[in-house]
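Engineer: Build me a model from this:
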Amino acid sequence: MDGRLPFRLLVSREEALRIVLDSIKPIERTELIPLDSASSRVLAEDVTASEDVPPFDRAAMDGYAVRAEDTYGASDLNPKRLRLVGALHAGELFNAQIRESECVRIATGCPLPPGADAVVMVEFAEEEGDTVSVYRAVHPGANVSQKGEDIRKGETVLRRGDFLTPAKVGVLAALGRDKILVYQKPRVAVIPTGTEVCEVGSKLREGQIYDVNSYTLSSILLENGAVVTRAPIIPDSLKELKSGIERFLDHDLIVFSGGSSVGEKDLLAKVIEGFGKVLFHGVQIKPGKPTLFGLARGKPVFGMPGYPTSCLSNAYIFLVPVVRKMANLPPKKPRTVKARMAKRVALASGREQFLTVRLADGWAYPVFKKSGAITSMAEADGYVILPVNLDVIEKGEEIAVTLFG
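Structural biologist: Now for the predicted structure:
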């Protein structure tokens, strides 16, 4: 006997994803952060305007602040002549009242002087000494941004759960909010395992390989809203795996790479059962079958496959939706394109298949090599998940490719 046991609790991809998402909850912890750190965070409070935006009537164009009624009847042949009584530049105020047939030169964004109710664009006026000839009439409010035109005082402009895009950060700045309450990011521990795995930057001994998975997993987790602790490599031993879980139970999610298959030294399932329960052990997908998930004292724990391609493909399938839910982020919307298969592909029977492809001129070229070949992912533009009951894809057949990124 080779000491290998069949996968226990083997489930479909859909069932595995359901189990995982049902087992985790969004992070409720919050923190107050400075506005310049708010981009791509998730609001944990409703934001109500404490003042109008803009807080005053202001010029929307460079020109001349006027009383609109003083321009009525103006034309190229019959200009209205106004007396220039001042000039306003950015950051300045004009406190005197504009009277009949008076005007003030004004720059875009400046507060409208008292008595003025419109702005004549500079293109339709001519200044000579202290006289301005107006060649086009304006109505009250012309070329003026009204007080509260953008945001009204008391208006709820952003809501709890909103994802802070650059534009929404701008709204907060317009309201004068220098600090904002957001949900904390989920803390995820990534733990590489395996006696054969060597830290990047160290000298390889015979039979060793560099740790690829903790770096790819950390990258995809960071990209989707997590704070990542990348742990040192743990050798294949019950004691070390148990210690790894105990050390990171203060995190929101623990992700092991390796140790999830069914070989004699794949011990992770046994260790998790000592802390709680394994909810599935094996997923009916290729690559990526040796994936497990369980709860250790209530904390979710993933065991990802050791092969780099299997590990990363299942990270897209499982870790992305999980960590985004934890981070209070909306589900990632897949970007798909139609393409035609560039060659005939025979598929594994009994399992879905995660097929990576490179796109060129409307054709999809399979780039999958072996589960251990990380270049299968690095050279790919996207992937297609092929159903369990499909035996072959013919050359020229149309498929929907989900793009990476």
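Engineer: Could you identify the helix or strand that succeeds the helix or strand harbouring Q353?
Structural biologist: Using DSSP states H and E, the secondary-structure element containing Q353 is strand 352-360. Heading C-terminal from strand 352-360, the first helix or strand you meet, by DSSP H and E, is strand 363-366.
Engineer: Rounded mean pLDDT for that next one, please.
Structural biologist: The average pLDDT within strand 363-366 is 95.
Engineer: what mean pLDDT would you report for the following helix or strand past it?
Structural biologist: Next along the chain after strand 363-366, taking DSSP H and E as the criterion, comes helix 375-378. Mean pLDDT, helix 375-378: 80.
Engineer: And the contacts of helix 375-378?
Structural biologist: With contact meaning CB atoms under 8 Å, 6 or more residues apart in numbering, helix 375-378 is reached by 216, 308-309, 312-313, 356, 367-370, 404. (Each C-beta comes from the backbone N, C-alpha and C, glycine too.)
Engineer: buried set for that helix?
Structural biologist: For helix 375-378, the neighbour count (16 or more other CB atoms under 10 Å) marks 376-377 as buried.
Engineer: Next SSE downstream of it?
Structural biologist: Next helix or strand after helix 375-378 toward the C-terminus (DSSP H and E): strand 382-386.
Engineer: didn't L249 look like it was pressed against V301?
Structural biologist: No - taking contacts as CB atoms under 8 Å, L249 lies outside contact range of V301: 9.6 Å.
Engineer: For those two, indicate the residue with more neighbours.
Structural biologist: More crowded of L249 and V301, by other CB atoms under 10 Å: V301, with 27 against 14.
Engineer: which stretches of the stretch 201-350 of the chain aren't confidently modelled?
Structural biologist: Along the stretch 201-350 of the chain, the parts satisfying pLDDT under 70 run over 259-266, 349.
Engineer: what do you get if the cut-off is 80, keeping everything else the same?
Structural biologist: Within the stretch 201-350 of the chain, the ranges that satisfy pLDDT under 80 run 259-266, 348-350.
Engineer: At which residues are the helices of it located?
Structural biologist: 213-223, 238-247, 268-275, 308-314, 320-326 (DSSP state H, counting those that start in this stretch).
Engineer: sorry, back to before: nearest to R99, of the contacts of helix 375-378?
Structural biologist: Proximity of these to R99, judged by CB to CB, is greatest for F404, which lies at 66.2 Å.
Engineer: which non-adjacent residue is nearest the closest one?
Structural biologist: Spatially, and ignoring its direct neighbours in sequence, F404 is nearest to G382 (5.6 Å; CB to CB, 6 or more residues apart in numbering).
Engineer: show me where the stretch 1-150 of the chain has strands.
Structural biologist: Assigned by DSSP state E, counting those that start in this stretch, the strands in the stretch 1-150 of the chain fall at 30-34, 47-48, 58-59, 63-66, 80-88, 102-106, 118-121, 125-128, 131-134, 144-145.
Engineer: Could you dump those into JSON lines and include distance to V345 and mean neighbour count?
Structural biologist: Putting the strands of the stretch 1-150 of the chain into JSON lines (distance: least, CB to CB, whole Å; neighbours: other CB atoms under 10 Å) gives the following:
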{"stretch": "strand 30-34", "distance to V345": "48", "mean neighbour count": "12"}
{"stretch": "strand 47-48", "distance to V345": "51", "mean neighbour count": "16"}
{"stretch": "strand 58-59", "distance to V345": "63", "mean neighbour count": "22"}
{"stretch": "strand 63-66", "distance to V345": "66", "mean neighbour count": "28"}
{"stretch": "strand 80-88", "distance to V345": "70", "mean neighbour count": "18"}
{"stretch": "strand 102-106", "distance to V345": "68", "mean neighbour count": "25"}
{"stretch": "strand 118-121", "distance to V345": "64", "mean neighbour count": "24"}
{"stretch": "strand 125-128", "distance to V345": "71", "mean neighbour count": "15"}
{"stretch": "strand 131-134", "distance to V345": "74", "mean neighbour count": "18"}
{"stretch": "strand 144-145", "distance to V345": "59", "mean neighbour count": "20"}
